[in-house]
Each structure stands twice: as structure tokens, then as C-alpha cells.
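Student: model the following, please.
(3 chains)
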Amino acid sequence: MKLEHRVYEKLLKVPKGKVTTYSELAKAVGIKNGQRSIGQMMKKNPFPVIVPCHRVILSTGKIGGYAWGEKVKTNMLSKEGITIKKGKILDKDRIFRF
DNA sequence: CCAAGGGCCGTCT
DNA sequence: GAGACGGCCCTTG
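Tutor: Next up is the predicted model:
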């Protein structure tokens, strides 16, 4: 319970127009290889609206999955100024680090 | 308490 | 650059 809340908080600190990776997020909350856990939390997250889950991408630069559909995620991101091509983000500098 | 899943990652062919 | 494996951590049933 604590962890997941921590994750959401971190996520909320990600500014619009930027994204973060599951790995970085995991590290930020203290778990080194808990990327999968993050995904699981996001999917089951109780606050899908107030939490910008769509700003989380794979460390490889791919968009990754999304509970409501990956296209929706992609759409939102591009709307926030992120350039996406073939399901991948082009500017990795847009990745926000804690 | 045990078992299984998941929006993943790094490494090797 | 693309596909295949194995592994790690949390949450939920």
C-alpha cells in the first residue's frame, strides 16, 4: 500500500510534456528491479484519472501498454507534446528523471 | 501462507 | 535491428 502510493506521488511530480520509465520510477521508490510491479500497480491503480499513468514508458523508448489501450496512451502523449513514431518515442531527452 | 500474473528489462543470438 | 529467454519485485485471489 505504501509503495504504490509512493509511486503515484512520484508520477504526479512528472511535469506535462515529459515522461518517465518504469525502471526509473521503480528506482525512485526504492525497488531496483520492480518494473513489473509498477506496471501491475498502474493497471490496478485506484486513481486512473488523477494519476498520469500514460506518462510512463518503457526504458527502451517504446510506449508500452496501457489499461485503456495503447493508442489512447499514445494519443495523450502526443497531445502533451511528445513525439511518437511507430509506438516509440523519438526524443529520449523528454524522459524526466528524479 | 502459497501460487500466479503483469502496462517490464537486460542480455544473447 | 529484431526475436527469444530468464529473472526480479509487488499485488491480489
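Student: before we move on, which element is the residue of chain A found nearest DNA strand C in?
Tutor: Closest to DNA strand C within chain A is A:S37: 3.2 Å, counting by Cβ to the nearest atom of the strand. For glycine as for every other residue, the C-beta is placed from the backbone atoms N, C-alpha and C. Element membership for A:S37 (DSSP states H and E) is helix A:35-44.
Student: any residue of the following helix or strand past that helix touching DNA strand B?
Tutor: Counting by DSSP H and E, the next helix or strand C-terminal to helix A:35-44 is strand A:56-57. Yes: residues of strand A:56-57 are located near DNA strand B by Cβ under 7 Å from any atom of the strand, namely A:V56.
Student: quick check: mean pLDDT of strand A:56-57?
Tutor: For strand A:56-57, mean pLDDT is 97.
Student: buried set for the helix or strand just after it?
Tutor: Toward the C-terminus, strand A:56-57 is succeeded by helix A:70-79 as the next helix or strand (DSSP H and E). Buried residues in helix A:70-79, counting neighbours by 16 or more other Cβ atoms under 10 Å, are found at A:K73, A:T74, A:M76, A:L77.
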